[in-house]
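*Asks:* Predicted model and sequence below, questions to follow.
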Amino acid sequence: QMQFVESGGGLVQSGGSLRLSCTPSGFTLEHYTIGWFRQAPGKEREGISYNSVRDGSTNYADSVKGRFSISRDNAKNTVYLEMNNLKPEDTAVYYCAVLLTTAPMIPLFDSWGQGTQVTVSS
C-alpha cells in the first residue's frame, strides 16, 4: 500500500496561509497522480485537489478554488498544497493519496497516513 507522511499543518487565523507537504513512504511519486483530501470533524473525507501525472494538470474543489494551489517537486519526492486566505471552514485533517480516479477523486488504496491538522480560528 502507498502511504504518505503529511506535514505543515498548524493553527492559523482566518485569512492566513499555510503550506502543507506530502512525502511518500517507500516509493517515488513521479509516476502517480496525487490528490489532497481533508476530513473535518463529523464529516466525510473529501477530495479537494489533485495533480495529474498524465498532463500535469491540476484541479480544485469549488470550496478551495482560487485559494489553494497544488504542486509537486519530483526531485524532492514531495507534493505541496499552498493554502491562502484560510477560513474557519477549512479546519480539518489533511491527507494525500495516490489516485485511482480523478472524477470523482478516489484513492488507489483506502489506507491513510496520520494526516496533518489544520485549524483556522475566526
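*Replies:* Arrived safely, thanks for sending.

*Asks:* center of the chain - which residue?
*Replies:* residue 36 (2.4 Å; C-alpha atoms, centre = their mean).

*Asks:* could you list every residue that touches that one?
*Replies:* Contacts for residue 36 (C-beta atoms under 8 Å, 6 or more residues apart in numbering) come out as 20, 22, 47, 48, 49, 50, 70, 79, 81, 94, 95, 96. Just so you know, the C-beta spots here come from the backbone N, C-alpha and C atoms, and that holds for glycine as well.

*Asks:* and it, that's in a helix?
*Replies:* No. Per DSSP: H, G, I helix; E, B strand; the rest coil, residue 36 lies outside any helix segment and is strand.

*Asks:* Which strand residues bridge it?
*Replies:* Beta bridges link residue 36 to residue 49, residue 96, judged by DSSP bridges.

*Asks:* Need the pLDDT of it.
*Replies:* The model reports residue 36 with a pLDDT of 98.

*Asks:* Equivalent analysis for residue 10, please.
*Replies:* With respect to pLDDT, residue 10 has a value of 98.

*Asks:* excluding its backbone neighbours, what's nearest it?
*Replies:* In space, and not counting its chain neighbours, residue 10 is closest to residue 18: 6.3 Å by C-beta to C-beta, 6 or more residues apart in numbering.

*Asks:* Residue 94 versus the one you found, what's the distance?
*Replies:* As judged by C-beta to C-beta, to the nearest Å, residue 18 and residue 94 stand 9 Å apart.

*Asks:* Mutual contacts of these two, please.
*Replies:* Common contacts of residue 18 and residue 94 (C-beta under 8 Å, 6+ apart): 9, 118.

*Asks:* out of the two, which sits in the more crowded spot?
*Replies:* Taking neighbours as other C-beta atoms under 10 Å, residue 18 and residue 94 compare with residue 94 leading, 23 against 19.
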